[in-house]
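S.K.: the following block contains a protein sequence and its predicted model.
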Amino acid sequence: MLKRVMLAWVMVLASAVGAFAQEDPVWIQIEAQPNLNAATDRARVYAAELPDVNGFALGGGWYGIALGPYARSDAEQVLRVYRSEGVIPRDSYIALSSAFRQQFWPVGANVLNRGVVEAPLPAAPATPEPTVEGPATEPADETPAQAQRSERQLTRAEREDLQIALQWAGTYQGAIDGAFGRGTRNAMATWQERKGFDVTGILTTRQRVVLLQDYNSVLDGLGLQVVRDETAGIEMLMPTGVVAFEKYQYPFAHYSALGDIEATVLLISQAGDQTTLFGLYDIMQTLDIVPLDGPRERKDRSFTLVGQDATRVSETRVTLEDGQIKGFTVVWPAGDEERRTRLMDEMEKSFARTDGTIPVSAGTSEQAIDLVSGLEIRTPRLSRSGFFVDRRGTVLTTAEAVNSCTRVTIDSDVEAEVSVLDDARGVAVLKPETTLAPRAVARFAEVQPRLQSEVAAAGFSFEGVLGAPSMTFGTLSDVRGLNGEPDLARLSVNTLPGDAGGPVLDAGGGVLGMLLPETQTGRALPDGVRFALDREVLQDVLAQAGMAAAGTNSAAPIDPIDLSEAATGMTVLVSCWD
């Protein structure tokens, strides 16, 4: 049961209502669940203890629970109080309406397009009895003239900080230049009106403190402290309330999550030159912690990488100076963008190089094909085989290899588009985004082979682990399926799941068909029983794609070495990525 917090509802001043009406409403997202039932159960628990609980679909199969909608200033205060009281998780954050889709809680509600509601704010503490005659009064604030005089004592950096804070508050859109012109004064006036101060366009010393406190409150609970990592030769602010040092694994210092905020920080430190820098840039893009979507830029002596998916955002900043490559990566939960970007800015501003780099020998001796420096390499959901059918690199493969994929690649790194998908017959046609130069192209057999004749299947049996296709030999058992299907051929050959989608050839090098995946029929077939989709079906699918399939008279056997060269030359790895 959630800890019950005593909150009093307060009336919002009429002047503030007018200001709030001009603001876009915001929400406090407190939780996300990977299925609707779990999210509904959690929303019900929160609703028993807190007001304004709503549930929305987030996309990608996730469902979020949020409080609101509130004016931003109210949302920030509610977020601080609820976090400090432990009523909501520490990784709760301010979210915009654009992050949400269809509402599922409360049942039948639809509040996405309504205005802000009155937020539950902490009850004001009781005023103690005065110990002297007369009422207790708050010291008077500065007059506009006094505020302007104190403003003149600010450094340019301090004036720029105020503009940044006003920009974050949503009242300033101009340049961060430290010059308090008409745009900055109007922004100050708007902020004063929203906060209930006298509207003068000149911030008093106390108001400047409030503005900066509001701006920095988004970082509350992260435990920002300067960390000096002597081994990495890096000193910077780190969210020590969220991550802690775990290990060194050249060239990274790993700082892993402590609790409910699923965050990771990597310090990057190694000796090297521009070639080393460029190599690191390429390697990092293969890591699972760097999702594929997002901007990235490589310059002569630096690079940045941003990757994001439904659950996380990863950002890397690296520079090369004096033969040392140093930088950092932050992986943060998706949706908490305001806090993440503020954290990144604070970490970058504080970043300092000290002596030394992580030695090559640092770390464990653990070795695995899917690990780089203790980090997982991004891997596809599944990989199957395919084969080239023209000189531009068009590929035939099994429909299984491309169903429900975020993206499809040929030979791991060439992006491909699904041109034709025939689920009924289990075949797909892929067009590479860049023109390829195949070593060999399929030529379909023009004559029907004899039963019990030798056949060969080419494919990536181990789904790309070996890096090259392999050959499996067997015989043609029947030119029909078990139930007399005319578009199937039954084979006696021992293949693996990764071989599906690869070509099946006769002894003369002609393609007889495409190896199909093992079907789940509820019956266990004898070992070595496989099926291939007949070449005529494949030719028909290619015709749908506007292509004419090449044929060959392959009645005469060819040398097994030539057969293997032709088969492996046309066979490609097809990978499905989430």
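M.R.: All right, it came through fine.

S.K.: name all residues that make contact with the residue nearest in space to the middle of the chain.
M.R.: Central residue of the chain (C-alpha atoms, centre = their mean): Asp309, 2.1 Å from the mean position. Applying C-beta atoms under 8 Å, 6 or more residues apart in numbering to Asp309 gives the contacts Pro291, Leu292, Asp293, Ala334. For glycine as for every other residue, the C-beta is placed from the backbone atoms N, C-alpha and C.

S.K.: apply 7 Å and report the result again.
M.R.: Contact analysis of Asp309 by C-beta atoms under 7 Å, 6 or more residues apart in numbering lists Pro291, Asp293.

S.K.: buried set for stretch 378-385?
M.R.: Arg378, Thr379, Pro380, Leu382, Ser383, Arg384, Ser385 (16 or more other C-beta atoms under 10 Å).

S.K.: now these as a markdown table including distance to Thr155?
M.R.: Below are those laid out as a markdown table (distance: C-beta to C-beta, whole Å):
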| residue | distance to Thr155 |
| --- | --- |
| Arg378 | 45 |
| Thr379 | 51 |
| Pro380 | 53 |
| Leu382 | 58 |
| Ser383 | 58 |
| Arg384 | 62 |
| Ser385 | 65 |
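
S.K.: of those residues, just say which sits nearest to Arg208.
M.R.: Distance to Arg208, by C-beta to C-beta, is smallest for Arg378 among the buried residues of stretch 378-385, at 46.1 Å.

S.K.: leaving out the residues flanking it, which one is nearest to the closest one?
M.R.: In space, and not counting its chain neighbours, Arg378 is closest to Asp288: 4.6 Å by C-beta to C-beta, 6 or more residues apart in numbering.

S.K.: what about the spatially closest residue to Glu337 that is not a sequence neighbour, which SS state?
M.R.: Leaving aside its chain neighbours, Glu337 sits nearest to Val313 (7.2 Å; criterion: C-beta to C-beta, 6+ apart). With DSSP: H, G, I helix; E, B strand; the rest coil as the basis, Val313 sits in strand.

S.K.: quick one: low-confidence parts of the stretch 351-500 of the chain?
M.R.: 364-374 (pLDDT under 70).

S.K.: which stretches of it form strands?
M.R.: All strands of the stretch 351-500 of the chain, identified by DSSP state E, counting those that start in this stretch, fall at 352-353, 371-372, 375-376, 382-388, 395-398, 407-410, 414-422, 427-432, 444-445, 454-459, 470-478, 488-492.

S.K.: just checking: what are the partner strands of the first one?
M.R.: In other words, strand 352-353. Sheet pairing here is set by DSSP bridges, and for strand 352-353 it gives strand 234-239 (antiparallel).

S.K.: do the third one as well
M.R.: Based on DSSP bridges, the strands next to strand 375-376 in the sheet, each with its direction, are strand 371-372 (antiparallel).

S.K.: in stretch 56-65, what's buried?
M.R.: Buried, per 16+ other C-beta under 10 Å, within stretch 56-65: Phe56, Ala57, Leu58, Trp62, Tyr63, Gly64, Ile65.

S.K.: please read the previous query as pertaining to stretch 160-179.
M.R.: Buried-residue list, stretch 160-179, by 16+ other C-beta under 10 Å: Glu160, Asp161, Leu162, Gln163, Ala165, Leu166, Gln167, Trp168, Ala169, Thr171, Tyr172, Gly178.

S.K.: same thing with stretch 243-255?
M.R.: Buried, per 16+ other C-beta under 10 Å, within stretch 243-255: Val243, Ala244, Phe245, Tyr248, Gln249, Tyr250, Pro251, Phe252, Ala253, His254, Tyr255.

S.K.: what pairs with the helix or strand harbouring the last one, and is each one parallel or antiparallel?
M.R.: Tyr255 belongs to strand 252-257 when elements are defined using DSSP states H and E. Within its sheet, strand 252-257 is paired with strand 243-249 (antiparallel), strand 264-271 (antiparallel), according to DSSP bridges.

S.K.: so whichever helix or strand comes after the longest one versus strand 264-271, what angle?
M.R.: Going down the chain from strand 264-271, the next helix or strand is helix 274-284, by DSSP H and E. Taking axes from the mean of the first three to the mean of the last three C-alpha atoms, to 10 degrees, one finds helix 274-284 and strand 264-271 inclined to each other by 150 degrees.

S.K.: what is the mean pLDDT for helix 274-284?
M.R.: In this model, helix 274-284 has an average pLDDT of 91.

S.K.: after that helix, next one along is what?
M.R.: strand 296-298.

S.K.: which helices and strands does that following strand pack with?
M.R.: Judged by 3 or more C-beta pairs under 7 Å, 6 or more residues apart in numbering; DSSP states H and E, the packing partners of strand 296-298 are strand 302-308.

S.K.: which neighbouring elements make contact with the strand it packs on?
M.R.: Strand 302-308 packs on strand 296-298, strand 312-321, going by 3+ C-beta pairs under 7 Å, 6+ apart.

S.K.: need those in a markdown table (columns: distance to Gln207).
M.R.: A markdown table is the format used below for the helices and strands packed on strand 302-308 (distance: least, C-beta to C-beta, whole Å):
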| stretch | distance to Gln207 |
| --- | --- |
| strand 296-298 | 39 |
| strand 312-321 | 33 |
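
S.K.: got CSV for those, with mean pLDDT and mean neighbour count too?
M.R.: Converted to CSV, those look like this (pLDDT from 0 to 100; neighbours: other C-beta atoms under 10 Å):
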stretch, mean pLDDT, mean neighbour count
strand 296-298, 93, 13
strand 312-321, 95, 20
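
S.K.: low-confidence regions, the stretch 1-150 of the chain specifically.
M.R.: 1-23, 60, 121-140.

S.K.: recalculate using a threshold of 80.
M.R.: Scanning the stretch 1-150 of the chain for pLDDT under 80 picks out 1-24, 34, 59-62, 84, 90-91, 114, 121-141.

S.K.: can you give me the helices for it?
M.R.: For the stretch 1-150 of the chain, the helices defined by DSSP state H, counting those that start in this stretch occupy 14-21, 36-47, 72-85, 144-151.

S.K.: buried deepest among those, which one?
M.R.: Ranked by mean neighbour count under mean count of other C-beta atoms under 10 Å, the helices of the stretch 1-150 of the chain are led by helix 72-85, which reaches a mean of 20.

S.K.: and that helix, what does it pack onto?
M.R.: With contacts taken as 3+ C-beta pairs under 7 Å, 6+ apart, helix 72-85 sits against strand 26-33, strand 62-70, strand 93-96, strand 120-121.

S.K.: what does the first one rub up against?
M.R.: When you say that, I think you mean strand 26-33. In contact with strand 26-33 (C-beta under 7 Å, 6+ apart) are residues 39, 42, 46, 58, 62-70, 72, 75, 78-79, 88-89, 92-96, 335.

S.K.: average pLDDT across stretch 169-176?
M.R.: 91.

S.K.: and it, how far out from the chain middle?
M.R.: Distance, stretch centre to chain centre, for stretch 169-176: 29 Å (C-alpha atoms, centre = their mean, to the nearest Å).

S.K.: please enumerate residues in contact with it?
M.R.: Outside stretch 169-176, the residues that reach it (C-beta under 7 Å, 6+ apart) are Arg72, Glu160, Gln163, Ile164, Leu166, Gly183, Thr184, Ala187, Thr190, Trp191, Asp214.

S.K.: before we move on, back to that, buried deepest among the helices and strands packed on helix 72-85, which one?
M.R.: strand 62-70 (a mean of 25).

S.K.: per the record, what domains does the protein have?
M.R.: Split into domains by automatic domain parsing, the chain comes to 8-121, 144-219, 224-375, 382-577.

S.K.: state the number of residues packed around the residue nearest to Lys349 when sequence neighbours are not counted.
M.R.: Take Lys349 and drop its neighbours on the chain: the residue closest to it by C-beta to C-beta, 6+ apart is Leu237, 7.9 Å away. Counted with other C-beta atoms under 10 Å, the neighbours of Leu237 add up to 18.

S.K.: contacting residues around Leu237?
M.R.: Contacts for Leu237 (C-beta under 7 Å, 6+ apart) come out as Leu224, Gln225, Val226, Glu346, Met347, Ser350.

S.K.: end to end, how far does stretch 347-358 reach?
M.R.: 20 Å (C-alpha to C-alpha, to the nearest Å).
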